[in-house]
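> fold the following and give me the result.
(one chain, ligands or ions: 2)
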Amino acid sequence: MAKAPVRVAVTGAAGQIGYSLLFRIASGEMLGKDQPVILQLLDLPQAQKAVKGVMMELEDCAFPLLAGMIATDDPNVAFKDAQVCLLVGARPRGPGMERKDLLTENAKIFTVQGAAIGQHAAPDVKVLVVGNPCNTNAYIAKEIAVKYGRVSAKNFTGMLRLDHNRALSQLAGKTGREVSSLKNLVVWGNHSPTMYADYRFTTSNGDKVPALVNDEAWNRDVFLPTVGKRGAAIIEARGLSSAASAANAAIDHIRDWVLGSNGEWVTMGIPSDGSYGIPEGIIYGFPVTTENGEYKIVQGLEIDQFSRERMTHTLNELLEERDGVKDLLA
Ligand SMILES: NC(=O)C1=CN([C@@H]2O[C@H](COP(=O)(O)OP(=O)(O)OC[C@H]3O[C@@H](n4cnc5c(N)ncnc54)[C@H](O)[C@@H]3O)[C@@H](O)[C@H]2O)C=CC1
Ligand SMILES: O=C([O-])CC(=O)C(=O)O
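Numbers count the residues shown, from 1 in each chain. Ligands and ions are numbered 1, 2, ... in the order given. All right, here's what the predicted structure looks like:
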């Protein structure tokens, strides 16, 4: 018997990430090739005409799994009964900006959308925030949504998967190993240059990646800055921030969360439960495994002095961002 369609809300549907994302969701790459979807597309009033154009193209693909779609500028309509919410719609940064420079402008979006999700989404909704600064925007949406008592704090996540994928590719290039052979990588903390991409536990076909790399200077001087500043390098090269790779990471994040990671570690920005000394509730990149629609933090990893310094540095930035938005949550 055919499965019931899943309602997927996507914000910023007329934007560049939206354009790379929607067709892949509708083709079954996110929730499975046997899972029909209904797309609930949110964008600003002035973008509705462009959203209609995207919907015409979606229609023209004749995707067998696309069971319906709506476009709206009303978050209460977009999130109604949504089981997956991809919060992409927000202003992107330009050259010379840091992601946290977007906070003042973008934070308000997530208060409104958090309230709409809290009141209208399915109680077990899974939310991924992509719009920057994504950890703190996810924090805002979570804090506001849970006040309505229907949805669960643990289901609000921020996107660290692009950083995880970037780190995998850099390590594959350095070691000459295939990306698919690399296991047990983590990117701790904030989606910002302070993030800590940590390959101390990474293996490739049973070999330890730190031994294959065997170059501590490369870790500090090349790998960490390359991964941390990759977004800025793309803006510099393209004149626009990353879009297709961001959409790809969003698909990876939700697919693994819903369908399981088969025991493999993936990085998700999730509300801390206090693990590894990270204060509860902060949206922080952790290594997780996923099964049956739930994630579990990989426990028991040794944190050496260098790692603790990096983890605290990125945490401090998140605490500062949280302080910067406390008035919005009062
Ligand atoms: N977390 C991550 O790894 C990444 C995050 N991003 C972030 O994703 C966001 C979107 O990027 P792009 O698609 O390139 O931007 P874009 O400017 O091409 O599209 C943004 C879309 O969002 C819409 N929008 C703005 N405010 C809205 C609101 N209140 N409700 C609904 N829609 C709204 C705009 O009308 C526009 O259609 C940016 O904040 C960007 O920095 C981008 C790449 C990676
Ligand atoms: O850098 C940006 O502003 C867009 C983004 O988050 C990324 O590419 O990682």
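> so Thr203 is in contact with Val209, correct?
Yes: contact criterion Cβ atoms under 8 Å: Thr203 and Val209 qualify, at 6.2 Å. Using the backbone N, CA and C atoms, a C-beta is placed for each residue, glycine as well.
> and the pLDDT at Glu29?
In this model, Glu29 is scored at 98, pLDDT.
> touching, Val298 and Val266? I think so.
No: contact criterion Cβ under 8 Å: Val298 and Val266 do not qualify, at 9.9 Å.
> returning to what we had before: anything in contact with each of Thr203 and Val209?
Counting by Cβ atoms under 8 Å, 6 or more residues apart in numbering, the common neighbours of Thr203 and Val209 are Leu182.
> looking at these two, which is more packed in?
Val209 (23 against 18; other Cβ atoms under 10 Å).
> so where's the longest strand in the protein?
For the chain, the strand with the greatest residue count under DSSP state E is strand 283-291.
> beyond that one, next helix or strand please.
Per DSSP states H and E, strand 283-291 leads on to strand 294-297 as the next helix or strand towards the C-terminus.
> buried residues in that following strand?
Buried positions in strand 294-297, judged by neighbour count with 16 or more other Cβ atoms under 10 Å: Tyr295, Ile297.
> the longest strand of the chain near ligand 2 anywhere?
No: between strand 283-291 and ligand 2, judged by Cβ under 6 Å from any ligand atom, nothing touches; the nearest distance is 12.6 Å.
> and that strand, which residues are buried?
For strand 283-291, by 16+ other Cβ under 10 Å, it's Ile283, Tyr284, Gly285, Phe286, Pro287, Val288, Thr289, Thr290.
> and for stretch 107-120?
Ala107, Ile109, Phe110, Thr111, Gln113, Gly114, Ala115, Ala116, Ile117, Gly118, Gln119, His120.
> tell me the contacts of the third one?
Residues in contact with Phe110 (Cβ under 8 Å, 6+ apart) are Leu87, Val129, Gly131, Asn137, Ala138, Ile140, Ala141, Ile144.
> surely the second one is in contact with Ala145?
No: counting by Cβ under 8 Å, Val129 sits too far from Ala145 to count as a contact (11.3 Å).
> so for those two, which residues contact both of them?
Counting by Cβ under 8 Å, 6+ apart, the contacts common to Val129 and Ala145 are Phe156.
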